[in-house]
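Undergrad: the amino acid sequence is not available; the structure is as follows:
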């Protein structure tokens, strides 16, 4: 294992998404990462805080859509660089923009901007564990405990142990069918892929050149918009050789639905979480959230009720993934 | 039976209520009778239309709270007289104000302003049937079919038949307990008291003098605010002698809750009624009504969802009587 110079890791925060699954709060003009869902700050600000330890991390690079520049600067005072995507092309080309802006030997920590992690210290611990492998040319992923047979996630199968708490990744499976997902959860050898990656900039660029030559060509010739729109999972991770996985039990959630927001919220004795002007009367298990009108929820159970000035959503929490 | 001059009946429309059971649409500043719940006009306007036949009715007298004067004039272009209550004192004193403004021999038709009647022609038919009795000194009430053991209503027990479709009222029972209400519905001799009364002005004034001397004294000496606040049912009907009941099967509803609004609404194939900007997606049996924000109701059943600019109500329809 090579011992590179002790330079800090460069966080690369991906803020290009226009997640609308938390409609009506999230919109194109105000994507999920700009929302304060827990009362602790926007998800983007929480992500930045997660990598604020200067002993381990440099100031972050943010890759975002052009229309988000102003919001990002408001949320992140200590940004290292803001790279605006000329066009939305999914994560593989977006990460390439950041990698090309760094030295080939720099280690990057690629992070979605709209996930929650309860245990930031545990996360840093996992990053430290993966770092020597990233420095040695591996793409290091972080495996979140597969708690239920989610068919919307990617799964990573652990292979041989490389070190304490670090495994070779045997296989990536994106969005398995229900039977496969059941088997993964039961088998205990699969983790959820949280979209967090630790690797040298050069490792990524070389992987693109080998496995995604069209993307490589587009981003290295300045023709970004001509790149195929592909995720890093599809373009690289399912094909690359030296991929490691660090299992991380750190209270991760991608907050992919209002039900997930309720799951991570600090609920009252009746299981309700009320944010903004709202009343829960004889109500149980409800998320009640308003940015304007007073919400009166009477006698209802397990409902998501979210109101803005111009829209109101009412949906059972178990169906909240239907919201787009 | 006396044959009085063939003068038209004077409708007396009571608009003093501040019904808030249809919150957030109904408020103190905009009581239920000012709402257009069916798309056909406000309940007040529909009430005025119900007594618009000039062959039978004179222009109506409206008795209302002072703060409603402007709204009433907007809703009712052809008003006969507008009497503003110096203070809210329930229906018995309010009706007295109208009665004192008429000739003693005038026949009054007292009507709540916030009830719906589907069959206006059937209603007029019932009024014609009761008219000779009102002219002869009876207080004529109209009995609505007691469809369920409602404990919030008053019940009228039919006694001996006076004529075809006209009965002496044997007894008035206000808000019976559940067991009594069950027995009334099962027995078939009780009707709901809809708060509609046909009688000579003089009959009413005399009944007040006999059965409610404090009210009589207050209203005849100009000391209205000193009157006890009592309903006509309590002050007069439960005590008066010559009371008749005309059973009327005319699609009556007092629209006492949002569930009642849904009951009388013209629902789609999934049992939903959507008014204003709203979407019902995989939803059934819902009332979705907005005066402003777009409501998206996804996967919900039997819910009332009502939004205004500043408030949102979400309640199961069977619990909507909890709203105040």
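TA: Sure thing, it's come through. Since the structure is predicted, the reported quantities are computational estimates derived from the model, not experimental observations.

Undergrad: what's the pLDDT at residue A:321?
TA: Note on residue A:321: pLDDT of 88.

Undergrad: my read is that it contacts residue A:261, right?
TA: No - if you go by Cβ atoms under 8 Å, residue A:321 and residue A:261 don't touch, sitting 11.8 Å apart. (Each C-beta comes from the backbone N, C-alpha and C, glycine too.)

Undergrad: where does pLDDT dip in chain A?
TA: Applying pLDDT under 70 to chain A flags residues A:1-6.

Undergrad: find the centremost residue of it, please.
TA: Ranked by distance to the mean C-alpha position of chain A (Cα atoms, centre = their mean), the top residue is residue A:112 at 3.2 Å.

Undergrad: pull the contacting residues for it.
TA: By Cβ atoms under 8 Å, 6 or more residues apart in numbering or on different chains, the contact list for residue A:112 reads A:13, A:14, A:17, A:47, A:194, A:195, A:196, A:254.

Undergrad: buried sites along the longest helix along chain A?
TA: When every helix of chain A is counted residue by residue (DSSP state H), the longest turns out to be helix A:120-135. Residues A:120, A:123, A:124, A:126, A:127, A:129, A:130, A:131, A:132, A:133, A:134, A:135 are the ones in helix A:120-135 that count as buried (16 or more other Cβ atoms under 10 Å in any protein chain shown).

Undergrad: how about stretch A:316-324?
TA: In terms of neighbour count (16+ other Cβ under 10 Å), stretch A:316-324 has its buried residues at A:316, A:317, A:319, A:320, A:321, A:323.

Undergrad: is residue A:139 bridged to anything, and to what?
TA: Assessed by DSSP bridges, residue A:139 has beta-bridge partners residue A:243.

Undergrad: my bad, residue A:57
TA: Beta-bridge partners of residue A:57, as defined by DSSP bridges: residue A:9.

Undergrad: I'd guessed it sits against residue A:51; true?
TA: Yes - using Cβ under 8 Å, residue A:57 is in contact with residue A:51, at 4.5 Å.

Undergrad: for the two, list the residues in contact with both.
TA: Residues touching both residue A:57 and residue A:51 (Cβ under 8 Å, 6+ apart) are A:9, A:11, A:109.

Undergrad: neighbouring strands - and their directions - for the stretch of helix or strand the last one belongs to?
TA: Read it as residue A:109. Using DSSP states H and E, residue A:109 maps to strand A:107-112. If you go by DSSP bridges, strand A:107-112 pairs up with strand A:10-15 (parallel), strand A:190-200 (antiparallel).

Undergrad: re earlier: between residue A:57 and residue A:51, who's got more neighbours?
TA: Using other Cβ atoms under 10 Å in any protein chain shown, the more surrounded residue of residue A:57 and residue A:51 is residue A:51, with 24 against 19.

Undergrad: residue A:70: neighbour count?
TA: Other residues lying near residue A:70 total 8 when counted by other Cβ under 10 Å.

Undergrad: helices of the stretch 151-300 of chain A, start to end?
TA: Counting by DSSP state H, counting those that start in this stretch, the stretch 151-300 of chain A has helices at residues A:178-187, A:201-211, A:213-220, A:232, A:258-264.

Undergrad: now the nearest residue to residue A:52 once chain neighbours are set aside: which helix or strand?
TA: Excluding the flanking residues, the one nearest residue A:52 by Cβ to Cβ, 6 or more residues apart in numbering or on different chains is residue A:78, at 7.6 Å. Secondary structure assignment for residue A:78, by DSSP H and E: no helix or strand.

Undergrad: so what's residue A:78 up against?
TA: Per Cβ under 8 Å, 6+ apart, neighbours of residue A:78: A:48, A:52, A:59.

Undergrad: got it, and residue A:96?
TA: A:204, A:205, A:208, A:215, A:216, A:219.

Undergrad: quick check on the closest residue to the last one other than its chain neighbours: phi, psi?
TA: Meaning residue A:219. Nearest residue to residue A:219, sequence neighbours excluded (Cβ to Cβ, 6+ apart): residue A:96, at 4.2 Å. With angles defined as degrees, to the nearest 10, residue A:96 sits at phi -60, psi -40.

Undergrad: give me the neighbour count for residue A:69.
TA: Residue A:69: 13 neighbours (other Cβ under 10 Å).

Undergrad: who touches the helix or strand containing it?
TA: Secondary structure from DSSP H and E places residue A:69 in helix A:69-75. Residues from elsewhere that reach helix A:69-75 (Cβ under 8 Å, 6+ apart): A:15, A:30, A:34, A:42, A:44, A:45, A:48, A:62, A:64, A:79, A:82, A:84.

Undergrad: flag every residue of the stretch 1-150 of chain A that's near chain B.
TA: A:23, A:24 (Cβ under 8 Å from any Cβ of the partner chain).

Undergrad: out of the contacts of residue A:78, which sit inside helices?
TA: Mapping the contacts of residue A:78 onto helices (DSSP H) picks out residue A:48.

Undergrad: filter the contacts of residue A:78 down to the buried ones, PyMOL style.
TA: Selecting only the buried members of the contacts of residue A:78 in PyMOL, with burial defined as 16+ other Cβ under 10 Å, works like this:
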select buried, chain A and resi 48+59
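
Undergrad: out of the contacts of residue A:78, who's nearest chain B?
TA: If you rank those by distance to chain B using Cβ to the nearest Cβ, residue A:48 comes first, at 32.0 Å.

Undergrad: tell me how many other residues crowd the residue nearest to the closest one when sequence neighbours are not counted.
TA: Nearest non-adjacent residue to residue A:48, counting by Cβ to Cβ, 6+ apart: residue A:76, 5.0 Å away. Close neighbours of residue A:76, defined as other Cβ under 10 Å, add up to 22.

Undergrad: and the stretch 201-324 of chain A, which residues reach chain B?
TA: A:281-282, A:290, A:292-300, A:303, A:305, A:307-316, A:319, A:322-323.

Undergrad: return the subset of the residues you listed lying in strands.
TA: A:281, A:290, A:294-298, A:303, A:305, A:307, A:311-316 (DSSP state E).

Undergrad: buried subset of the residues you listed as a ChimeraX selection?
TA: In ChimeraX syntax, the buried subset of those is picked out as below (16+ other Cβ under 10 Å):
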select /A:290,294,295,296,297,298,303,305,307,311,312,313,314,315,316
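
Undergrad: taking the ones in strands among the residues of the stretch 201-324 of chain A next to chain B, tell me the two that lie furthest apart.
TA: A:281 and A:311 (22.9 Å; Cβ to Cβ).

Undergrad: now the strands paired with strand A:107-112 in CSV, with mean neighbour count?
TA: Output for those, formatted as CSV (neighbours: other Cβ atoms under 10 Å in any protein chain shown):
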stretch, mean neighbour count
strand A:10-15, 26
strand A:190-200, 25
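
Undergrad: dump those strands to a markdown table, plus distance to residue A:181.
TA: Shown next, in a markdown table, are the strands paired with strand A:107-112 (distance: least, Cβ to Cβ, whole Å):
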| stretch | distance to residue A:181 |
| --- | --- |
| strand A:10-15 | 25 |
| strand A:190-200 | 9 |
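
Undergrad: which of the ones you listed sits closest to residue A:248?
TA: Nearest of the strands paired with strand A:107-112 (Cβ to Cβ): strand A:190-200, 7.7 Å.

Undergrad: and the angle for the closest one with helix A:178-187?
TA: Counting by axes from the mean of the first three to the mean of the last three Cα atoms, to 10 degrees, strand A:190-200 lies at 80 degrees to helix A:178-187.

Undergrad: and strand A:190-200 with helix A:201-211, angle?
TA: Angle between the axes of strand A:190-200 and helix A:201-211 is 110 degrees (criterion: the same axes, to 10 degrees).

Undergrad: quick check, distance from strand A:190-200 to the centre of its chain.
TA: 10 Å (Cα atoms, centre = their mean, to the nearest Å).
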